[in-house]
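Enquirer: Okay, here's the prediction I keep looking at, along with the sequence it came from:
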Amino acid sequence: MTDDVVDGKTSESDDRRSIVWLIRSSVRRNAARASALGSCDVEAQSGQRPSFQPDRSLRHNRALFLRGDMPLEIAQSTPTAVSIAALVQDRYGLGNVVESEFLRRSFNQVYRLSFASGRRVVARLCAERPRGGPNILFEAAALEHWAHVGCQVSRCVTTATGEVAIKVLLPEGPRMLMLFDYLDGEFTGEATADIQAFAHGMVDLHRGGESYQGPASDYVLDLDYLLLRPLEGLLRAPSMTDELRPQFEKLGLRLHDAILGLGELSRVLCHGDAHGQNNFVVTDAQGQRRAVFFDFDEAGPGYLAYELAVYPWNLYPRVPDAKVTDKAEMQWKHYISAYRAKRPVADADFAAIARFMAVRQFWLLGEYAGRVPVWGSQTMPSDQLRRQVALLRQWETLELPA
């Protein structure tokens, strides 16, 4: 992995100062917007019709559709599985699609397609996220590299003309469609052998990533990407209150400084979302349990401690005052022991894992805030945000067993 891929950023301290200014500026802008909306209400009551101005702060990619004299802004549409199948059949040269299924709508929309040849693929219609557009060139190249060095991953399937993605024109604007090899198997379970296979697979990814020399990632999984910018988006959420806003800001900035205080931390080429359910565990020809990985949408160079924090973040209860179960603690111990048996983890990196569990929670809250135009504000109501403050306070002193 080239140094410029990992370290091509300004210092984390500079980012912190910049983001504090951005956070406070965004709060002032929100107050000004609320005042402007109040002025519109007064104009409406006086009989004057205020002109409609689309909220360009949401995303620049949205298209406007006219219905009579009222412009309508489209946040995100959902193509049918049949239409995706027709598009893939036309552009990919894989033969006739005989079956198509819409699997889920989360950050992206995901489909399964089956061809007359028996081949199956997964189609991902990439959504524009709070971070920006999809990281398609890096993701496809990294998957090809990992596969080349022997890692078990779902590779990108190219079009008939060798492209890694195609542009799909939709009411909200163009979005990119990517295809990947379809995998079968079961998610990481509770069995020790499966958890160990998952951990060993992560070691393989990290070792394999060391020799990556392909296109640079558009995103670096640093504290700006994982914590500070999600915090900025969270503070702008419609359900954020004046009471909660300064509490989240202080928690986020304390967390940022606590991680910087741990000193230099190791970097790897990260999967970015390895919580145990973005991989299957299968039995190979030799009867050994092995992990095969998919869904690399969040892949990029970043902190090893963050990469290792995603699994315990998924295991631990994410509500205040809830006690972690003995089973979850044991699963974590199996995971970190199996990883360390194959690849060392420095003391500073281990100490940072618990702090990065809180970073992961901030990242998720920022993603939810960015999806409000699509999912609605009540996916994160104010009472839930209040509980998140309590949880993050408790996680400031969280320690993981070795």
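Expert: Cool, got the structure.
Enquirer: Look up how far T158 lies from the residue most central in space within the chain.
Expert: By Cα atoms, centre = their mean, the chain has its centre lying nearest to E298, at 5.0 Å. The gap separating E298 from T158 is 22 Å, by Cβ to Cβ, to the nearest Å. In short, each C-beta sits where N, CA and C put it, glycine included.
Enquirer: Check A123 too.
Expert: 13 Å.
Enquirer: helices or strands next to the strand or helix carrying N314 in the packing?
Expert: For N314, the host element (DSSP states H and E) is helix 304-315. Here helix 304-315 touches helix 192-209, strand 267-270, helix 326-342, helix 347-370, going by 3 or more Cβ pairs under 8 Å, 6 or more residues apart in numbering; DSSP states H and E.
Enquirer: quick one: that helix to helix 347-370, angle?
Expert: Using axes from the mean of the first three to the mean of the last three Cα atoms, to 10 degrees, one finds that helix 304-315 and helix 347-370 are set 60 degrees apart in direction.
Enquirer: Can you name the residues in contact with helix 304-315?
Expert: With contact meaning Cβ atoms under 8 Å, 6 or more residues apart in numbering, helix 304-315 is reached by 198, 202, 206, 221, 226, 265-268, 270-277, 324, 328, 331-332, 335-336, 339, 345, 349-350, 352-357, 359-361, 400.
Enquirer: give me the low-pLDDT residue ranges for the chain?
Expert: In the predicted model, the chain carries pLDDT under 70 at residues 1-69.
Enquirer: Helices of that one, residue ranges please.
Expert: Taking DSSP state H as the criterion, the chain contains helices spanning 3-7, 12-45, 81-92, 136-148, 192-209, 223, 229-235, 244-260, 304-315, 326-342, 347-370, 372-375, 382-395.
Enquirer: Can you tell me which of those is most buried?
Expert: Per residue and on average, the most neighbours among the helices of the chain fall to helix 223, with a mean of 26 (mean count of other Cβ atoms under 10 Å).
Enquirer: mind listing what the closest residue to E99 other than its chain neighbours touches?
Expert: Closest residue in space to E99, ignoring its immediate chain neighbours: S114 at 4.0 Å, by Cβ to Cβ, 6 or more residues apart in numbering. Taking Cβ under 8 Å, 6+ apart, we find S114 in contact with 97-100, 120.
Enquirer: same thing with H206?
Expert: Counting by Cβ under 8 Å, 6+ apart, H206 has contacts 268-269, 304, 307, 343.
Enquirer: repeat that with 6 Å
Expert: The contact partners of H206, taken as Cβ atoms under 6 Å, 6 or more residues apart in numbering, are V268.
Enquirer: what comes into contact with stretch 253-273?
Expert: Contact with stretch 253-273 is made by 1, 6, 12, 16, 205-206, 209, 212, 221, 223, 227, 298-299, 301-305, 307, 348-349, 351-352, 355, 358, as judged by Cβ under 6 Å, 6+ apart.
Enquirer: how distant is that stretch from the center of its chain?
Expert: 17 Å (Cα atoms, centre = their mean, to the nearest Å).
Enquirer: G162: neighbouring residues, count only.
Expert: Applying other Cβ atoms under 10 Å, we find 6 residues neighbouring G162.
Enquirer: Report the contact partners of it.
Expert: Contacts of G162 by Cβ under 6 Å, 6+ apart: none found.
Enquirer: Quick check: it vs V121, distance?
Expert: Distance, G162 to V121, by Cβ to Cβ: 16 Å.
Enquirer: got it, and L169?
Expert: 21 Å.
Enquirer: okay, these two: which has more neighbours?
Expert: Per other Cβ under 10 Å, whichever of L169 and V121 has more neighbours is V121, with 21 against 9.
Enquirer: Bridged to that one, which residues?
Expert: L113, D181 (DSSP bridges).
Enquirer: how near is it to V88?
Expert: Distance of V121 to V88, given as Cβ to Cβ: 8 Å.
Enquirer: what residues are shared contacts of these two?
Expert: Listed contacts common to V121 and V88 are L113; contacts here mean Cβ under 6 Å, 6+ apart.
Enquirer: May I have the helix holding N314 as CSV, with CA atoms only?
Expert: The C-alpha coordinates for helix 304-315 follow below in CSV (Å, rounded to 0.1, in the frame of the first residue of the first chain):
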residue,chain,number,x,y,z
LEU,A,304,-6.3,-0.8,12.4
ALA,A,305,-8.0,0.0,15.7
TYR,A,306,-11.2,1.1,13.9
GLU,A,307,-11.2,-1.9,11.7
LEU,A,308,-11.0,-4.2,14.8
ALA,A,309,-13.6,-2.1,16.7
VAL,A,310,-16.4,-2.8,14.3
TYR,A,311,-17.0,-6.4,15.4
PRO,A,312,-17.2,-5.7,19.2
TRP,A,313,-19.3,-2.6,18.3
ASN,A,314,-21.8,-5.1,16.8
LEU,A,315,-21.6,-7.5,19.7
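Enquirer: How far off centre is that helix?
Expert: When distances are taken as Cα atoms, centre = their mean, helix 304-315 is centred 13 Å away from the chain's centroid.
Enquirer: That one vs helix 244-260, what angle?
Expert: Angle, helix 304-315 to helix 244-260, by the same axes, to 10 degrees: 130 degrees.
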